[in-house]
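Novice: need coordinates for the following:
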Amino acid sequence: MAETLAEAVSRRRTFAIIAHPDAGKTTLTEKLLLFGGAIQLAGEVKAKKDRIQTRSDWMKIERERGISVVTSVMTFEYNDRVFNILDTPGHEDFADDTYRTLTAVDAAIMVIDAAKGIEPRTLKLFEVCRMRDIPIITFINKMDRESRDPFEILDEVEEKLALDTAPVTWPVGRAKTFSGAYNLANSTFRGVDTQVEPLAVNGPRAVADRLPENEREAFIEETELAIEACRPFDRQAFLEGHMTPVFFGSALRNFGVRDLINALGDFAPPPRDQVADTRTVHAAEDKMTAFVFKIQANMDPNHRDRIAFARICSGKLERGMKARLARTGKQMGLTAPQFFFASQRQLADTAFAGDVVGIPNHGTLRIGDTLTEGENLVFQGVPNFSPEILRRVRLEDAMKAKKLKEALQQMAEEGVVQLFSPEDGSPAIVGVVGALQLDVLKERLMGEYGLPVSFEMSRFSVCRWISSDQPAEMDKFLNVKRGDIARDLDGDPVFLAQDAFSLRYESERYPAIKMVAIKEYHAAKAA
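Specialist: A predicted model of the protein is given here:
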């Protein structure tokens, strides 16, 4: 019997993994993929220099430095569910890419290092999730190493994140004696993840004998305390973003990951409704709608390709169909949509709401674009952030200036950097959130375009998007401050200031001019 649209949508789970660098996010991603049969052998990450086998970190700079700097998208099936996992950059220098990625997910896994607890990057990413009311499942990782007391970690989550915790599993032992997790709700025990079905036991005393004699009573006491004192899991509170179910394990040693992926299937929501400018779009609607949250160029250096990652919001995408690009009003053919497994891909004949597909294109699509089957609407909430660092790009070979201009344009459309073209005709300025983005830009310009570049300080350090309800005042400001005005990729005006003091001074002198640090994507829809 053919699967209905509603049934196909209800099977989807689209989520991101958020964590502080080194909490074990990439290792956890691999183990989840292992369950889905997407890889046969997860590359054990023993040290950063060995991470060349990590399947979701595919760029050269990622393998060399052992960090994730781009968002990888991976699709796999497990237990009759279709999972779309978005492995976001952990480094704070790529916060804007991470934020855009979180606009495309329905849930998140928060990975916490059992020894370190809540770290600064985790806190920031959590705040982004809270802004979007994204339900979060918490995974306390690295229980096979020296760790903090589980109750202490739960208290920290509640205090720092103002989030109710509901431990679903409890660690049996710690560090060298860690041997699995006891399920508080149904009194079962699971050791390593190769144990497909958990073992039914008669309370925590029945698993205490797996521990050294001197640890047994303490384990029984704290487990019974967890059952009595901790909140039971409430799915509605979880879906509303008020409660997080907590799981303990070790991704590296194959403990607790099966419980986690089962919880994703059981607890996490199917594709959520999405807000557009004219109405709310429901996932199970017949007509296909989607928005682009990321552009990635040159994933395959041999083909100089350019892929737009699109989150399908409703209906069904079919290979060969035509879709309307809201920004231009023009039709484009979706001839080769693709599912991804990091840098590997396969053609997607059909995809449903919740799925993330790659759409090959030659500069037609940009971040924030909306695709529909004809309806004139634009999805909201894909923002641009004001960069923290502004630099001019210095080219060693002036004869390649045109090639550099084209390369920077493509990098800006991809979201690697922001590009500002000064009104006075001076060289373009690139803006980034963190210095590591400049390293990525430099390496990619050299590796993909053969352009060796360096960066020079700009006299500007702050930029703000400007607008006004009074056209005359706007024109006056643009004329008076022409040497400090640039245009972004969309042609929108930006005011460049030397420092925060100058910004405050000019905003007070020109109160009719609005200066904002975040630019929401509002495409001018074609009629």
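Novice: looking at this, Glu77 is in a strand?
Specialist: Yes - counting by DSSP: H, G, I helix; E, B strand; the rest coil, Glu77 falls inside a strand.
Novice: look up how far Phe339 lies from it.
Specialist: 11 Å (Cβ to Cβ, to the nearest Å). Glycine gets a C-beta too; all of them are placed from N, C-alpha and C.
Novice: quick one: which of the two has more around it?
Specialist: The neighbour comparison of Glu77 against Phe339 (other Cβ atoms under 10 Å) goes to Phe339, with 21 against 13.
Novice: what's across from that one in the sheet?
Specialist: Phe339 has these beta-bridge partners by DSSP bridges: Gln346.
Novice: right, and it touches Gln346 too?
Specialist: Yes - with contact defined as Cβ atoms under 8 Å, Phe339 counts as touching Gln346 (5.5 Å).
Novice: shared neighbours, Glu77 and Phe339?
Specialist: Shared contacts of Glu77 and Phe339 (Cβ atoms under 8 Å, 6 or more residues apart in numbering): none.
Novice: if I pick Arg210, what's in contact with it?
Specialist: 172-173, 179-180.
Novice: repeat the analysis, applying 6 Å as the threshold.
Specialist: Ser179 (Cβ atoms under 6 Å, 6 or more residues apart in numbering).
Novice: thought Pro337 was touching Ala348?
Specialist: Yes - Pro337 is within contact range of Ala348, at 4.5 Å (criterion: Cβ atoms under 6 Å).
Novice: neighbour-wise, which of these two wins?
Specialist: The neighbour comparison of Pro337 against Ala348 (other Cβ under 10 Å) goes to Pro337, with 25 against 21.
Novice: for the more buried one, which residues are in contact?
Specialist: Pro337 makes contact with 319, 348, 357, 359 under the criterion Cβ under 6 Å, 6+ apart.
Novice: what's the answer for Ile307, then?
Specialist: Counted by Cβ under 6 Å, 6+ apart, Ile307 has contacts 296, 358, 360.
Novice: now do the helices in the protein.
Specialist: Applying DSSP state H to the chain gives helices spanning 5-10, 25-35, 60-65, 95-102, 120-131, 150-161, 205-208, 213-229, 235-239, 257-267, 401-414, 435-449, 471-480, 500-509.
Novice: JSON lines for those helices, including mean neighbour count and distance to Asn384?
Specialist: Formatted as JSON lines, these follow (neighbours: other Cβ atoms under 10 Å; distance: least, Cβ to Cβ, whole Å):
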{"stretch": "helix 5-10", "mean neighbour count": "17", "distance to Asn384": "30"}
{"stretch": "helix 25-35", "mean neighbour count": "24", "distance to Asn384": "25"}
{"stretch": "helix 60-65", "mean neighbour count": "16", "distance to Asn384": "23"}
{"stretch": "helix 95-102", "mean neighbour count": "23", "distance to Asn384": "7"}
{"stretch": "helix 120-131", "mean neighbour count": "17", "distance to Asn384": "15"}
{"stretch": "helix 150-161", "mean neighbour count": "17", "distance to Asn384": "27"}
{"stretch": "helix 205-208", "mean neighbour count": "19", "distance to Asn384": "52"}
{"stretch": "helix 213-229", "mean neighbour count": "14", "distance to Asn384": "44"}
{"stretch": "helix 235-239", "mean neighbour count": "16", "distance to Asn384": "29"}
{"stretch": "helix 257-267", "mean neighbour count": "20", "distance to Asn384": "31"}
{"stretch": "helix 401-414", "mean neighbour count": "17", "distance to Asn384": "10"}
{"stretch": "helix 435-449", "mean neighbour count": "18", "distance to Asn384": "14"}
{"stretch": "helix 471-480", "mean neighbour count": "14", "distance to Asn384": "20"}
{"stretch": "helix 500-509", "mean neighbour count": "13", "distance to Asn384": "18"}
